[in-house]
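J.: Any chance you can model this:
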Amino acid sequence: MIIIFEAMKAALIQLHIAVFLAGFTGILGVLISLNEMQLVWYRILITVVSLLLLLKINKTSLALPLKTKIRLLGIGTIIALHWVAFYGSIKLANVSIGLVCFSSVGFFTAILEPLIITKKIRWIELLLGLISLAGIYLIFHFDARYQMGILVGLISALLAAIFSVLNKKHVETAAPKIMMLYELSGGLAILTLLMPLYLYFFPKASLIPTIHDWGWLLILSWLCTIVAMELMFKSLKKVSAFTQNLSLNLEPVYAIIMAFILFQENEKLQPSFFVGLALIIFSVVLQMSRIVIGKKV
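T.: Here you go, the predicted structure:
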């Protein structure tokens, strides 16, 4: 029992380090001048090249069954589209709004996880997800300036929930870095195919990152992608997709604090934002309390 508890504790620590790193990605979305599609394409390209070099240096075999490769490539298209929607939400609204919308991922997971993994619905998880969703609704209803950004943010959260549930289902199929390599290769492929169409409707003057952009992209790819995703994959072996996604609701808390300090976004937000944020934090605290007292994760 003690060993199981320690393993669970280690998994939660890994998860929350990953969540903190994920929170920084919203800040980087503002600092990088590229549009959301270009930003994600470069992020994935740098990550895939870096992973290939790491695995080659370590002489790691990339061999997997063909069906597994196809599934991982397919899952990767979902995370790539999630990132595009995520950064689109931030650029349409701001860091605080984009990340608060991401908190609805717990609600979507509570619905999708039983359907995809064929487990029983946990009504407490659905309730906690609804509390987070209520927080988002308060912001959406009372602040019309950010409604388009909120809608894109909700699409981002839905895609993130699908990605996490599918990852939970396949987390034992390969080592984290190999999973990342195949998934992000699938993401790179889909974005490369969609890029000409996207740039036609949303043209951008420059297609090449600036020197400053390259620096932020390297941090985004190495620290906030490779390190963060590996920690998340490891934690998924011990915790449920729902617990992971509800813990990710702390991502906006970390990012919003940084956005307040760096961009003074607190001066642009209405009181309804802070009431909604309080509901989201409340749902996370309740779920973490369930874990501490020994509930199933």
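
J.: mind showing which ranges of the stretch 151-297 of the chain have poor pLDDT?
T.: 205, 241-242, 245-246, 248-249, 284, 287-288, 290-297 (pLDDT under 70).

J.: Run through the helices of it in chain order.
T.: With DSSP state H, counting those that start in this stretch as the criterion, the stretch 151-297 of the chain has helices at 176-201, 211-221, 228-236, 241-247, 250-263, 271-292.

J.: For the helix or strand hosting residue 20, which helices and strands make contact with it?
T.: Here residue 20 sits within helix 2-31, counting by DSSP states H and E. Of the remaining helices and strands, those touching helix 2-31 by 3 or more Cβ pairs under 8 Å, 6 or more residues apart in numbering; DSSP states H and E are helix 66-92, helix 95-102, helix 211-221, helix 228-236, helix 241-247, helix 250-263. The way it works is simple: take the backbone N, C-alpha and C, and place the C-beta from them, glycine included.

J.: try it again with 6 Å
T.: On a contact count with 3 or more Cβ pairs under 6 Å, 6 or more residues apart in numbering; DSSP states H and E, helix 2-31 meets helix 66-92, helix 95-102, helix 211-221, helix 228-236, helix 250-263.

J.: List the buried residues of the helix or strand just after it.
T.: Using DSSP H and E, the helix or strand that follows helix 2-31 towards the C-terminus is helix 36-57. Judged by neighbour count (16 or more other Cβ atoms under 10 Å), helix 36-57 contains these buried residues: 36-48, 50-51, 55.

J.: ok, now stretch 115-123?
T.: Those would be 116, 122, for stretch 115-123 by 16+ other Cβ under 10 Å.

J.: Start the count at 863 instead of 1 going forward.
T.: Fine by me, first position is 863 from now on; the one you just mentioned is stretch 977-985.

J.: May I have that stretch exported as CSV, CA atoms only?
T.: Provided in CSV are the C-alpha atoms of stretch 977-985 (Å, rounded to 0.1, in the frame of the first residue of the first chain):
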residue,chain,number,x,y,z
LEU,A,977,-17.2,6.2,-24.3
ILE,A,978,-13.7,5.6,-25.7
ILE,A,979,-12.3,3.4,-22.9
THR,A,980,-15.6,1.8,-22.1
LYS,A,981,-15.5,2.5,-18.4
LYS,A,982,-18.4,3.5,-16.1
ILE,A,983,-19.4,7.2,-16.0
ARG,A,984,-18.1,8.8,-12.8
TRP,A,985,-20.8,11.3,-11.9
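
J.: which residues are contacting it?
T.: 976, 1027, 1031 (Cβ atoms under 6 Å, 6 or more residues apart in numbering).

J.: one more time with 7 Å
T.: Contacts of stretch 977-985 with the rest of the structure, by Cβ atoms under 7 Å, 6 or more residues apart in numbering, involve 972, 975, 976, 1027, 1028, 1030, 1031.

J.: Those residues, buried ones only, as a PyMOL selection?
T.: Selection of the buried residues among these in PyMOL, burial being defined by 16+ other Cβ under 10 Å:
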select buried, resi 972+975+976+1027+1028+1030+1031
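
J.: for the contacts of stretch 977-985, which one is nearest residue 1049?
T.: residue 1028 (13.2 Å; Cβ to Cβ).

J.: where's the closest one relative to residue 944, distance?
T.: 12 Å (Cβ to Cβ, to the nearest Å).

J.: Next: residue 1016.
T.: In terms of Cβ to Cβ, residue 1016 sits 12 Å off from residue 944.

J.: now do residue 1099
T.: 22 Å.

J.: Please say which of those two ends up with more neighbours.
T.: residue 944 (24 against 13; other Cβ atoms under 10 Å).
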